[in-house]
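>>> 3D model of this:
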Amino acid sequence: REEEEALLSFQECVPILVGLKAPEKEGGRAALDVAGARTVYHLLHFPPKLCRDTLDGITKSFSAQELEWIANDGLGSRCIMDGITDGKNEKKQRALRQLLEKLSGRWVALSVERVGHHLVQNLFRALTSLDDKATLTCELARGINRLGGNAMGRKVMATCAVKEFMEGEDIWKEEVRKQTRKEEILKELVEDVIDADAAESSKSKGEGGDNGGDDIDNSDDEEKPSGKKKRKRKKKKKREE
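Below is the predicted model of the structure:
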């Protein structure tokens, strides 16, 4: 009797797809499988009830060190971390909280990295709970001197309102609310522009199609008689000769 091979759960398949390889030297970048990382990105944009296993495959299957490597890699940041922070449904909020907890103690280090600081900013914007935002900002506040030492860190300080947090909880909350309102207004403006462009494009195509049909028909009607007249004139000339 042949031994039956145990099937892998979908959660166990995620690390295999990502194909993460540790950096070859200290300070180097990790390597990921390009096709696998892109596949995970698309899986993360399935309906919420279908992407839970994919989310768990990232937040539970990888260690904190591995998640940090992924966040500092260009491909990993765009395909995996952006895939988690893009969207505010409850399944992703759960994964974001798991990510927040698992990378605790590493957020300041990520904030001063060229690629890694994008995750810190996107995570702060994606978290819907003020308590979760405060947890992240509190850790960043403890490393404010390091954050102020480079451009990426200063961007993170502005996004997460680190200075306001150190001035007081009420001041910080008001600043976060202002940022949220600005983001919502900007999002609405972009959506309005996209809708207007789509409507204009659809209208132009409709008008162009009608006019185009008329032009073709008219041109055919006009060309046919003119061709007949030319032939008749040639025949008359031959008869006179």
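
>>> going forward, measure contacts between C-alpha atoms and count neighbours the same way
Will do.

>>> Residue 18: how many residues sit nearby?
23 (other CA atoms under 10 Å).

>>> Over to residue 25. Which of the three states is it?
Three-state assignment for residue 25 (DSSP: H, G, I helix; E, B strand; the rest coil): coil.

>>> Tell me where the model's unsure across the chain.
1-5, 207-241 (pLDDT under 70).

>>> switch the cut-off to 90
Scanning the chain for pLDDT under 90 picks out the ranges 1-10, 24-29, 47-50, 86-91, 179-241.

>>> Going by residue numbers, what spans are helices in the chain?
10-18, 34-43, 52-59, 64-71, 74-76, 82-85, 90-102, 107-111, 117-126, 130-141, 144-147, 151-159, 162-167, 169-240 (DSSP state H).

>>> and the direction of the fourth one versus that of helix 52-59, what angle?
Okay, so that is helix 64-71. Counting by axes from the mean of the first three to the mean of the last three CA atoms, to 10 degrees, helix 64-71 lies at 100 degrees to helix 52-59.

>>> ok, residue 23 - contacts?
29, 30, 31 (CA atoms under 8 Å, 6 or more residues apart in numbering).

>>> distance of it from residue 73?
11 Å (CA to CA, to the nearest Å).

>>> which residues are in contact with both of those two?
29, 30, 31.

>>> got the phi/psi numbers for the closest residue in space to the first one that isn't next to it in sequence?
Taking CA to CA, 6 or more residues apart in numbering as the measure, residue 29 lies nearest to residue 23, with 5.0 Å between them; neighbours along the chain are not counted. In terms of degrees, to the nearest 10, the main-chain angles of residue 23 are phi -60, psi 140.

>>> and residue 23, how far is that from residue 70?
11 Å.

>>> what do you get for residue 144?
For residue 144, the distance to residue 70 - CA to CA - is 24 Å.

>>> Show me which of those two is the more surrounded one.
Neighbour totals were compared for residue 144 and residue 70, and residue 70 leads with 28 against 17 (other CA under 10 Å).

>>> got a list of what the more buried one touches?
Neighbours of residue 70 in contact, by CA under 8 Å, 6+ apart: 20, 30, 76, 77, 80, 81.
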